[in-house]
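Enquirer: Here's a sequence, model it:
(2 chains)
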Amino acid sequence: MTEQPQFTISVDQNKYLAVGHTEVHAILTVEAKGPAVAAPTTQAAEVIIVDTSGSMSYGKIAEARKAAQAAVDTLRDGVHFAIVAGTANAHMVYPPDRRLLPSNPQTRQAAKEAIGRLQADGGTAMGRWLRLAADLFETVPGAIKHAILLTDGKNEHQSAEEFDADLAYCTGKFVCDCRGVGDAWVVAELRKVGSTLLGSVMDIADPKDLEADFRAMTQAAMGKAVADVALRIWTPQNATMTYIKQVSPALEDLTARGTPSGPQARDYPTGSWGSETREYHICVQVPPGVVGQEMRAAWVKLVVPETGEQLAAGNVLAQWSDDYAQSTRINPKVAHYTGQAELAALIQDGLQARKEGDLELATARLGRARGLAEQAGNGETARLLDKVIDFDPETGTARLKPNVEKAAEIALDTRSVRTVRMRKESEA
Amino acid sequence: MTAEMTATCPHCAYPVLQDETFCEECGRAIHAGTPGACASCGAGASEVGADGYCGRCGVRQPAPRDHLEVETGSAAGVSDRGLRHSRNEDSMALMEVDEYVTVGVVCDGVSSSPRPDNGSQAAAETGAATLVKELRAGAGHVEATRAAVARAAEAIAALGTYEDAPACTYVSAIVAPGRVTIGWVGDSRAYWLGPRPVRLTSDDATETGMLTAWLGADAGEVIPQVSTFEPDTPGVVLVCSDGLWNYLPTAEEMAAAAPGAATAPLATAQALVRHALESGGRDNITVLVIPYGRGSAIQ
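Expert: The predicted structure is shown next:
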């Protein structure tokens, strides 16, 4: 067991409800403290997907080559890997045939040479690239499977239906981190991939930053020690899971992903884990209770569904009280993440309104977001908002900037889902 | 079909109809179908986890101490968690010394102290046992009362240290032919309910309700207050914690709320607990009802 991280779940909530109230909120902090280096016995697999469409020519393809080579250098010996090039179809770069090869100095060198010969020429059909990755991963069933997807453009050489079908085909088969380079890619498309495949999405405005980012992503992937972990949540009879969403490090609504896993229980997939902390906001509607009565509103377990192994557990409680001082207190962590979710919604709504030409609504939403970002300690978000609006901190009024760089808008949209931890914690 | 109030809720003593499944007052199941079944939804014993939560409805099962009832000879007592506290930190003990003499002790654990529930239980049980032993050995009633307080104080002090001291109040009653003897430390009370009701204790507390005396390892030397009373009519000695008397502070109010105390002690204790619950149940509630003048012309 020493090879595996130790998991803990802690619950932050105010369990007291006023009589007649039935909505229970809690923040679950799931922490995995592990060995700094994943055990070499942990089987891992990595597929690096590089967009080689025509738009990648000039500087971008050169930086993408360097980035993919850096990622290959980071693979530890024995990791099964492959390099895929994406255009309107998916092509094997290394190895030349459709399979994964174990990483060693020779295969890494050969892969880097193959990557060095990549040329930009063709279309974009990301679903087909991901489908190939899914098929490659099928040869290593027990492994922790991770892919990196790099693109610079719109997914324009396949229909939305085919794209959705491809994503559905890949769901649950591997985790995919997505990177958009330049300013011609569509945030919503990559967000869909990241959400479905439980990975992150980031914008890389300058192709020169790709190399360091790929190296970091591969390192993080090599640090994952437990694959396919799920939150198993039991709720009382006649209760409703209003929502369960990841709120840190980034917002991700998991509510619709639950699958029944036992009496009154559902499993919500969370992908693979290394040494890390993630937080979740759970909201449950429970049947009403009487003053003094205590109820378990949710029993949260972290499990490996395949083996049934339980890694950690926590209780979300409800207790009815006629003391308003007790029941009206809002847990600071619940308040913090409620604010973070509101901030993300304001930014996304504001950018959408701006796209649709509703400048009044866009100004109102983005201005409010700017104020909230400042209060909540989202300095990075405030900085990104300042590239889109002029904000007067004295009066709190905002004005849309007449000319906004496309990259600034993409960065704001992409990073709107990234949250900050509570200020008190980060100072401590 | 006539619906008659033929029973009381096993959890809160509220009157319930024979065919009701759930108590109108506290919402808990009246008839636990099988032993160990969930007290709220009736799910079978196998559904109730070792941690006390029902696997079906999620409701935490009441602890045995949440609601206790005792009957000894003609006396009775009820202790209840109330509606606001998560556990019952009150304790009671009721014992017969012989066929004429009954003793009772009520202790109220101080919520701000550690493990007050364990502390109050040790004090009440030790106090009552000491009273019985001393009285059977021929001790005087005042002497026995003081000795019982001293032993109870030692018992609770033994559960902690000065820095980590469970604490509780204490009130005892010896109800014997011709004489009632009360001893107390803190703000738990005794009342005489007869033609002229009287409160028999004066609280060891400031006007704001802060205790000025208690039992516990941090209490120093405990000097109880002791009073004796020689009733000239039949009546009832009522011993209780502040979870009850806060809602019925004067002797007149207490007497008015307990009209049948002399003839139906258990029903009276249940009714008084119910009164406190209906008034908000802000604290643990414990009451002993000990009739005086047994065998005389009481109807």
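
Enquirer: what is residue A:397 paired to in the beta sheet?
Expert: Beta-bridge partners recorded for residue A:397 (DSSP bridges): residue A:392.

Enquirer: if I look at it, how far off is residue A:381?
Expert: 19 Å (CB to CB, to the nearest Å). Where C-beta positions appear, they are placed from N, C-alpha and C, glycine not excepted.

Enquirer: Between those two, point out the one with more neighbours.
Expert: Of the pair residue A:397 and residue A:381, residue A:381 is the one with more neighbours under other CB atoms under 10 Å in any protein chain shown, namely 25 against 12.

Enquirer: Who's the closest spatial neighbour of that one, skipping the chain neighbours?
Expert: Of all residues not flanking residue A:381 in the chain, residue A:373 sits nearest, at 4.3 Å (CB to CB, 6 or more residues apart in numbering or on different chains).

Enquirer: just residue A:387 next, same as before
Expert: With CB to CB, 6+ apart, the residue lying closest to residue A:387 is residue A:408, at 3.9 Å.

Enquirer: For the residue nearest to residue A:381, give me its contacts.
Expert: Applying CB atoms under 8 Å, 6 or more residues apart in numbering or on different chains to residue A:373 gives the contacts A:343, A:379, A:381, A:382, A:385.

Enquirer: so which helix or strand takes in it?
Expert: Residue A:373 is part of helix A:359-376, with elements assigned from DSSP states H and E.

Enquirer: Downstream of that helix, the next helix or strand is which one?
Expert: With elements assigned by DSSP H and E, the helix or strand that comes after helix A:359-376 is helix A:379-385.

Enquirer: Residues of chain A that sit close to chain B?
Expert: Residues of chain A lying close to chain B (CB under 8 Å from any CB of the partner chain) are A:234-239, A:263-264, A:286-287, A:289-297, A:299, A:315, A:319, A:321-323.

Enquirer: Selection in PyMOL covering whichever of these are buried, please.
Expert: Only the buried members of those enter the following PyMOL selection, criterion being 16 or more other CB atoms under 10 Å in any protein chain shown:
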select buried, chain A and resi 234+235+236+239+264+286+287+289+290+291+292+293+294+295+296+297+299+315+319+321+322
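
Enquirer: circling back to that earlier point, which one of the contacts of residue A:373 sits closest to residue A:79?
Expert: Distance to residue A:79, by CB to CB, is smallest for residue A:381 among the contacts of residue A:373, at 35.3 Å.

Enquirer: I figured the closest one was touching residue A:343, is that so?
Expert: Yes: counting by CB atoms under 8 Å, residue A:343 is a contact partner of residue A:381 at 6.8 Å.

Enquirer: so what sits against both of these two?
Expert: Taking CB under 8 Å, 6+ apart as the criterion, residue A:381 and residue A:343 both touch A:369, A:373, A:416.

Enquirer: Using the three-state scheme, assign the closest residue to chain A within the stretch 101-250 of chain B.
Expert: Nearest to chain A, among the residues of the stretch 101-250 of chain B, is residue B:243, at 12.8 Å (CB to the nearest CB). Under DSSP: H, G, I helix; E, B strand; the rest coil, residue B:243 falls in the helix class.

Enquirer: Then residue B:275?
Expert: Applying three-state DSSP to residue B:275 yields a three-state assignment of helix.

Enquirer: Chain neighbours aside, what residue packs nearest to it?
Expert: Closest to residue B:275 by CB to CB, 6+ apart is residue B:257, at 5.6 Å.

Enquirer: thinking the one you found is in contact with residue B:271, fair?
Expert: Yes: Residue B:257 is in contact with residue B:271 according to CB under 8 Å; the separation is 7.4 Å.

Enquirer: out of those two, which sits in the busier spot?
Expert: More neighbours surround residue B:271 than the other of residue B:257 and residue B:271, with 22 against 17 (other CB under 10 Å).

Enquirer: For the strand or helix carrying the more buried one, name the packing helices and strands.
Expert: Element membership of residue B:271, judged by DSSP H and E, is helix B:265-278. Here helix B:265-278 touches strand B:67-72, strand B:75-80, strand B:235-240, helix B:242-245, strand B:285-292, going by 3 or more CB pairs under 8 Å, 6 or more residues apart in numbering or on different chains; DSSP states H and E.

Enquirer: Quick one: mean pLDDT for the first one?
Expert: Read that as strand B:67-72. Strand B:67-72 carries an average pLDDT of 94.

Enquirer: which strands and helices sit next to it?
Expert: Under the contact definition 3+ CB pairs under 8 Å, 6+ apart, strand B:67-72 sits against strand B:75-80, strand B:90-96, helix B:265-278.
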